[in-house]
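*Asks:* From the sequence below, what's the structure:
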Amino acid sequence: MLGENIKKIMNEKGISAKKIAEKAEISTTYLSYILNDKRKNPSLEVLQKIASILDVSVNDFFDDKYNTNEDNEFNPTLSVKEQKRLDKQAQDIVNNLSVSLSKNKNSLEDEDYEILQASISAALQSLTLKNKKKFTPKKYRVNKKKKDK
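*Replies:* Numbering: from 1, shown residues only. Below is the predicted model of the structure:
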């Protein structure tokens, strides 16, 4: 999904992969891995660089509006309650880690903790959606085309 969305935004903006790789100061191979979803968890820093070049938010890379999903595959979503639970869980993980990290001589700054929390939250969301997709019984899977009929 991430790679497909970035490709669609690139096409809309008319910006080539080579140009993005040059401006983001990453290799074209690494960008290709991201675009083809072979690199599942690119760093937030790289995603921010790509988003800046494309003049979009990193959140747009995960937005369903770019995911046309023409094969009518089941794609679960997170409820507000689930999102809040995952955000709280990510915050708890960062709080527990901060005790360990603060013992180091070079402690992290607030911005570093925010990036860490956002990354953990994104990972938790991704895992939750993957598990929902994998473990939701077929009788509860509702496809868009069936709903529209």
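*Asks:* Residue 38: neighbouring residues, count only.
*Replies:* The local packing count at residue 38 equals 11, with neighbours defined by other Cβ atoms under 10 Å. Where C-beta positions appear, they are placed from N, C-alpha and C, glycine not excepted.
*Asks:* List the contacts of it.
*Replies:* For residue 38, the residues meeting the contact criterion (Cβ atoms under 8 Å, 6 or more residues apart in numbering) are residue 32.
*Asks:* give me that answer again for 10 Å
*Replies:* Applying Cβ atoms under 10 Å, 6 or more residues apart in numbering, one finds that residue 38 lies in contact with 3, 29, 30, 32.
*Asks:* For those residues, which two are the farthest from each other?
*Replies:* In the contacts of residue 38, the most distant members under the criterion Cβ to Cβ are 3 and 29, with 13.7 Å between them.
*Asks:* More neighbours: which of the two?
*Replies:* Neighbours per residue (other Cβ under 10 Å) separate residue 3 from residue 29, with residue 3 holding more: 19 against 10.
*Asks:* On the three-state scheme, the more buried one is what?
*Replies:* When the structure is split into helix, strand and coil by DSSP: H, G, I helix; E, B strand; the rest coil, residue 3 lands in helix.
*Asks:* do residue 26 as well
*Replies:* State at residue 26, reduced to three classes by three-state DSSP: coil.
*Asks:* quick one on the thing from earlier: for the contacts of residue 38, could you give me a markdown table that also reports pLDDT, distance to residue 122 and secondary structure?
*Replies:* Output for the contacts of residue 38, formatted as a markdown table (pLDDT from 0 to 100; distance: Cβ to Cβ, whole Å; DSSP: H, G, I helix; E, B strand; the rest coil):
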| residue | pLDDT | distance to residue 122 | secondary structure |
| --- | --- | --- | --- |
| 3 | 85 | 15 | helix |
| 29 | 89 | 23 | helix |
| 30 | 89 | 19 | helix |
| 32 | 88 | 21 | helix |
